[in-house]
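> With the sequence up front, the predicted model follows.
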Amino acid sequence: MDAGLKYERCTQALARFLRGLHDPDVVIGLSGGLDSSVVAALAVDALGATCVHGVLMPGPFSSDHSVEDAWELARRLGIDACQVPITEPHKAFRTALEPALGAPLEGLADENAQARCRMVVLMALSNARGWIVLNTGNRSEALMGYSTLYGDTAGAFAPIGGLYKTDVFALARWRNAQASACGEVPPIPARVLTKPPSAELSANQSDEDSLGVSYERLDRLLIDVFERGRGVEEASAAAGLSVDHARFLVERAQSFAFKRALEPPYPSDPFYV
Ligand SMILES: Nc1ncnc2c1ncn2[C@@H]1O[C@H](COP(=O)(O)OP(=O)(O)OC[C@H]2O[C@@H]([n+]3cccc(C(=O)O)c3)[C@H](O)[C@@H]2O)[C@@H](O)[C@H]1O
Ligand SMILES: Nc1ncnc2c1ncn2[C@@H]1O[C@H](COP(=O)(O)OP(=O)(O)OP(=O)(O)O)[C@@H](O)[C@H]1O
């Protein structure tokens, strides 16, 4: 299935899901990264710009360019957006938790606390305004457990939850090319497509460093094993990975089934058969 068809299937699935809820407005955390940018573009195509609300929530490790890219995306899409920094709430949680821990909150616990602060903000806006939170997760992250339980795994529906990260890039490029072909400004700022994906939950973090593998190789492996039912040995060679590394990644994916069981529904089209 080509990128355009995948984009349209995801847009239709989102529209269908929301129709079942009597067409509420939606709210999306805009990080200035790829996933939230594609979900926002798709939501605008499904519902119209007036029904989509973006929230920028910079934290202690957010880069200036991420905030700029998120504002630029909102401007190009013509959606309402606001900024609610999480730096102070995150600091307050650190202070409140320190006596219980006997030490400062650090490492993964501290990274996840930031993602959960963001979800508190999104759910507060959801409750107060009647908006539905859209999840921005993709299948590569879900299989690797590279997300925060009750943080960025929350939300009512995950429009790109069935797509691997390399495809999310392809959808973004396709949507921008569509706009250019119609003489419109491409919705997704160019830098969103060129900067390395990063959770920005700790200093100098990059997804591919944290995962220990490039998305290109990871997706080839995961698609072969989990979508096409190939064996790990065959799939590892095609992905350019050692069998041991491939086995480690597949076992990691299996170990995070519990997290996937708690994630929102997503379009279940047979994207990869
Ligand atoms: N069987 C089970 N059923 C239900 N819950 C179970 C469980 N086993 C463990 N758990 C729970 O799961 C917890 C661990 O999961 P979790 O809290 O999610 O945390 P964890 O998987 O340890 O870490 C999340 C990772 O995702 C990364 N991340 C987070 C957010 C966004 C992004 C991004 O790309 O933007 C990346 C983050 O940097 C970190 O490396 C445990 O503390 C335990 O409470
Ligand atoms: N600074 C932020 N402001 C608003 N929302 C954020 C912020 N950081 C993270 N989020 C939310 O958490 C989600 C998970 O972050 P993640 O890094 O996986 O996605 P992304 O930033 O959109 O894309 P990429 O992984 O390519 O950087 C984001 O898509 C977004 O909805």
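Here it is on my side, so go on. Computed from a predicted structure; not experimentally measured. Ligands and ions are numbered 1, 2, ... in the order given.
> Can you show me the strands along the chain?
Listed from the start of the chain, the chain has strands (DSSP state E) covering 26-29, 52-56, 80-83, 132-133.
> and those, which is most packed in?
Most buried of the strands of the chain by mean neighbour count (mean count of other Cβ atoms under 10 Å) is strand 26-29; its value is a mean of 26. The C-beta positions use only the backbone N, C-alpha and C, and glycine is treated the same way.
> returning to that earlier point: nearest to ligand 1, out of the strands of the chain?
Nearest to ligand 1, of all the strands of the chain, is strand 26-29, at 9.9 Å by Cβ to the nearest ligand atom.
> Any idea how far the closest one is from the middle of the chain?
How far strand 26-29 lies from its chain's middle: 12 Å, per Cα atoms, centre = their mean, to the nearest Å.
> coming back round to it: which one of the strands of the chain lies nearest to ligand 2?
In terms of Cβ to the nearest ligand atom, the element of those nearest to ligand 2 is strand 26-29, at 2.8 Å.
> Kindly export that closest one (C-alpha atoms) in PDB.
Included here for strand 26-29 are C-alpha records, laid out as PDB according to Å, rounded to 0.1, in the frame of the first residue of the first chain:
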ATOM      1  CA  VAL A  26      -9.700  16.900  19.300                       C
ATOM      2  CA  VAL A  27      -6.600  18.000  21.200                       C
ATOM      3  CA  ILE A  28      -3.000  17.000  20.400                       C
ATOM      4  CA  GLY A  29       0.300  17.600  22.200                       C
END
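> when you scan that strand, is anything in it near ligand 1?
No: contact between strand 26-29 and ligand 1 is absent, the nearest approach being 9.9 Å (criterion: Cβ under 6 Å from any ligand atom).
> Pull the residues that contact that strand.
By Cβ atoms under 8 Å, 6 or more residues apart in numbering, the residues outside strand 26-29 that reach it are 18, 36, 39-40, 43, 47, 51-57, 118, 121-122, 125-126, 129, 131-134, 136, 152.
> Tell me which of those fall in helices.
Using DSSP state H, the members of those that fall in helices are 18, 36, 39, 40, 43, 47, 118, 121, 122, 125, 126, 129.
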